[in-house]
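K.L.:
dropping a prediction and its sequence here:
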Amino acid sequence: MKHVEERFGKEASKEVLLMCIGITSCVGRLIFGRVADYVNGVNKVYLQVTSFFVIGLMSMMIPLCNIFGALIAVCLLMGLFDGCFICIMGPIAFELVGDKDVSQAIGFLLGLMSVPMTVGPPHRFLRDRLGSYDVAFYLAGIPPIFGGAVLCLIPWVEARRKRKEKEDALNKDVSKGHPEVLISVSPEALGSSEL
């Protein structure tokens, strides 16, 4: 809020920005929750990645807003994708770790989310040293973008893990003498035309 006062003056209605974030976060939860549940082919992980990228990018856009209306637009987008992030967090944890470990996964995720909440004092320190909040906002956009980039790898790692499990199960069945895969071989491949 100090950034808004410094950039747009004390008469700027700072509470409008918080209201925009809150309202669009609610709308984002409703929209993206329905999209994730009812639209076939939607990958929840990539939806979450998109929300991380947008939130990080919007954080970095805040210092570039020289018009109050542009700052409102940034806050609207940030709130919308915050809603996406919040509503898809539980289902993604359930998909990745299963029903037995979902509470631990969500707890771990919320614990990691609390780390960026402690950046208030460092932001003020940067403001005091540099005379502006600009660098603080640029730095605040890096963790969500980095987190989104790491989250992009999860579907690849998950597919690789499942393929390895499938290969191990197949090798186990073959070693027991109970192959589940039928192999068809053409007579030409065997070198004999009489089979």
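P.N.:
Cool, got the structure. Numbers count the residues shown, from 1 in each chain.
K.L.:
tell me which element Ser12 is part of?
P.N.:
To be clear, residue 12 is Ala; Ser isn't right here. Using DSSP states H and E, Ala12 sits within no helix or strand.
K.L.:
next, it: phi, psi?
P.N.:
Note on Ala12: backbone dihedrals following degrees, to the nearest 10 are phi -70, psi 130.
K.L.:
do you know the pLDDT at it?
P.N.:
You'll see Ala12 listed with a pLDDT of 72.
K.L.:
one more: Pro116?
P.N.:
66.
K.L.:
please save the CA atoms from stretch 82-100 in CSV.
P.N.:
C-alpha atoms of stretch 82-100 as CSV (Å, rounded to 0.1, in the frame of the first residue of the first chain):
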residue,chain,number,x,y,z
ASP,A,82,-4.8,-16.8,-7.2
GLY,A,83,-8.3,-18.3,-7.2
CYS,A,84,-7.1,-20.9,-9.7
PHE,A,85,-4.1,-21.7,-7.6
ILE,A,86,-6.1,-22.1,-4.4
CYS,A,87,-8.9,-24.3,-5.8
ILE,A,88,-6.6,-26.7,-7.6
MET,A,89,-4.1,-27.2,-4.8
GLY,A,90,-6.0,-30.0,-3.1
PRO,A,91,-6.9,-32.0,-6.2
ILE,A,92,-3.3,-31.9,-7.4
ALA,A,93,-1.9,-33.1,-4.1
PHE,A,94,-4.5,-35.9,-4.1
GLU,A,95,-3.5,-36.9,-7.7
LEU,A,96,0.2,-36.9,-7.0
VAL,A,97,0.5,-38.6,-3.6
GLY,A,98,-2.8,-40.5,-3.3
ASP,A,99,-5.4,-40.5,-0.6
LYS,A,100,-3.2,-41.8,2.3
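K.L.:
for it, give me every contacting residue.
P.N.:
If you take CB atoms under 8 Å, 6 or more residues apart in numbering as the criterion, stretch 82-100 is touched by 21, 24-33, 36, 44-45, 47-48, 50-52, 55, 102, 104-106, 109, 154, 158. For the C-beta atoms, the positions are set from N, CA and C on the backbone; glycine is no exception.
K.L.:
for stretch 22-40, same thing?
P.N.:
42, 44, 47, 51, 75-84, 86-88, 91.
K.L.:
just the buried residues from the contacts of stretch 82-100, in ChimeraX please.
P.N.:
Those of the contacts of stretch 82-100 that count as buried under 16 or more other CB atoms under 10 Å are selected in ChimeraX with:
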select :21,24,25,28,29,32,33,36,44,45,47,48,51,52,55,102,105,106,154
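K.L.:
what is the burial count for Glu167?
P.N.:
10 (other CB atoms under 10 Å).
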